[in-house]
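Peer 1: Kindly return the folded structure for what I paste below:
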Amino acid sequence: MLDVFGVERLHDFRGPAWTRIELIPDATAPDRLPHPFTSSARLLRELDTARTVVAAMFGRSERVTLELGWSTGEKPPFKRLSHLGFDLPRQPAWRLRPDPEDAPDWWWNLAYAEVPATPDALAPFLLAAVGGFQKRGLINLAVGIVDFEAGLALEFYDAKGMTPIAVTPERLAPTYWRFRDWVRDAEIERCDGLLAAWREAPPRLTVV
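Peer 2: Here you go, the predicted structure:
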């Protein structure tokens, strides 16, 4: 991770080549969804968005590396992730305390797994990543998908959206211009300027 993206975890990436895509884009729905958006309906919409972006970014990848993070506390993710079909290593690859003021027994843990870049192999992790809004489905797990060879990564944040990341703006451009209608409004002006040299004219995308 450090050799390719310059950081030890995706959350710390500070390069210019990144953007934010909402799981339910502002262009298609308000922030607070009224009826008929039940939790189940919202989950289906978010999964549709996540699967579409993942397929576009990693459709040519044979295998990807998963960055899986979780905090110490009363709800470790092992059991719930196991119910989704994956056994998370009990011993993290490494752990850190991002804020020195955190309690001495609080740690952020990171583990890694390499899986085929197929919809079936990635399904449990997409469910874990987008299901955090559900009261009974909350999973204490941060999910990142990385293709080191392609120089691409996708971090899910707070069960609200995704952060596509690339080692260079040129590599980020195809994802950005394809999904520009889904990008968070606050990032559009910056990304339009950064990625203008690689602009194409993709079809307009909507969530259905």
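Peer 1: contacting residues for residue 109?
Peer 2: 69-72, 92, 94-95 (CB atoms under 8 Å, 6 or more residues apart in numbering). Bear in mind the C-beta positions are built from the backbone N, C-alpha and C, glycine included.
Peer 1: which residues pair with the most centrally placed residue in the chain across the strands?
Peer 2: Geometric centre of the chain, nearest residue: residue 156, 2.3 Å, by CA atoms, centre = their mean. Taking DSSP bridges as the rule, residue 156 bridges to residue 162.
Peer 1: My guess is it contacts residue 122. True?
Peer 2: No. Using CB atoms under 8 Å, residue 156 is not in contact with residue 122, being 11.6 Å away.
Peer 1: quick one: residue 52 is in a helix?
Peer 2: Yes. Under DSSP: H, G, I helix; E, B strand; the rest coil, residue 52 falls within a helix.
Peer 1: correct me, but residue 199 touches residue 177?
Peer 2: Yes. The criterion here is CB under 8 Å, and residue 199 meets it with residue 177 at 5.7 Å.
Peer 1: Compare the two (neighbour count), which wins?
Peer 2: Between residue 199 and residue 177, counted using other CB atoms under 10 Å, the more crowded position is residue 177 (18 against 12).
Peer 1: Mind telling me what element that one is part of?
Peer 2: Here residue 177 sits within helix 169-178, counting by DSSP states H and E.
Peer 1: where does residue 86 fall, phi/psi-wise?
Peer 2: phi -140, psi 130 (degrees, to the nearest 10).
Peer 1: State the number of residues packed around the closest residue to residue 55 other than its chain neighbours.
Peer 2: If you skip the residues right next to it in sequence, residue 55 has residue 119 as its closest partner in space, 7.5 Å away by CB to CB, 6 or more residues apart in numbering. Here the number of neighbours of residue 119 (other CB under 10 Å) works out to 11.
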